[in-house]
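Quick one, what's the 3D model for this:
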Amino acid sequence: MHNIPTMVDGDFVMNESRAIAAYLVNKYGKDDQLYPKDADVRARVDQKLYFDMGVFYKAFGDCVYPIMFGGPMPGQDKFDKLKEVLGWVEGFVADGKFAAGTDTLTIGDIAMLATYSTLKAASIVDLENYPNLEAWFEKCCELVPNYQKVNGEGAEAFGTMYKTAGKR
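Okay, here's the model as predicted:
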């Protein structure tokens, strides 16, 4: 497969960013805080990883990729769906919790942080109605080492590409 990202660790090759994150934490993590071993907590983290890929990122992509790749303007239904999904995420991080309902950052948060930061940089919807999400975003940015370099710059570059692409 010719996918990005792809990771090579010795003879082991893996693609898909969420699977790579789980692998790296399982193999090299100092503890299980980022990907807890407790079955109930891990199931909630896994659910957020799958939610990010199959729901959150998809809803975002349905709004931006047609424009970026010269397709038709997405219908209002796509933006309404994204707002619905943002409402769900707003609930996930209510009461100062992280996405999986934990008190600490997990790889589920890191995956969702990449989606949210890119969505935010693209300015495709008004995020004013999601104060829990914004507080969660700020907290995650502080906790992810070198956030600006490892994610922020890419999110901003994507946002610029979207804002300067085709018809909107």
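
And stretch 136-156, what's buried?
By neighbour count on 16 or more other CB atoms under 10 Å, the buried set for stretch 136-156 is Trp136, Phe137, Lys139, Cys140, Val144, Tyr147, Asn151, Gly152, Ala155, Glu156. The way it works is simple: take the backbone N, C-alpha and C, and place the C-beta from them, glycine included.

Just send these back as CSV, with pLDDT and distance to Phe79 too.
Converted to CSV, these look like this (pLDDT from 0 to 100; distance: CB to CB, whole Å):
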residue, pLDDT, distance to Phe79
Trp136, 98, 22
Phe137, 98, 20
Lys139, 98, 27
Cys140, 98, 24
Val144, 97, 28
Tyr147, 96, 27
Asn151, 94, 24
Gly152, 96, 24
Ala155, 97, 19
Glu156, 97, 22
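
Is it possible to get TSV of these that adds secondary structure and distance to Lys120?
Output for those, formatted as TSV (DSSP: H, G, I helix; E, B strand; the rest coil; distance: CB to CB, whole Å):
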residue	secondary structure	distance to Lys120
Trp136	helix	12
Phe137	helix	7
Lys139	helix	14
Cys140	helix	12
Val144	coil	15
Tyr147	helix	13
Asn151	helix	11
Gly152	helix	10
Ala155	helix	7
Glu156	helix	10
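
Looking at the residues you listed, spot the one nearest Val45.
Cys140 (14.2 Å; CB to CB).

Can you get me a residue count around the closest residue to that closest one other than its chain neighbours?
In space, and not counting its chain neighbours, Cys140 is closest to Leu113: 4.7 Å by CB to CB, 6 or more residues apart in numbering. Here the count is done by other CB atoms under 10 Å, and Leu113 has 24 residues near it.

which other helices and strands contact the helix or strand hosting Leu113?
Secondary structure assignment for Leu113, by DSSP states H and E: helix 107-122. Secondary-structure packing of helix 107-122 (3 or more CB pairs under 8 Å, 6 or more residues apart in numbering; DSSP states H and E): helix 17-28, helix 39-51, helix 57-68, helix 76-92, helix 131-143, helix 153-163.
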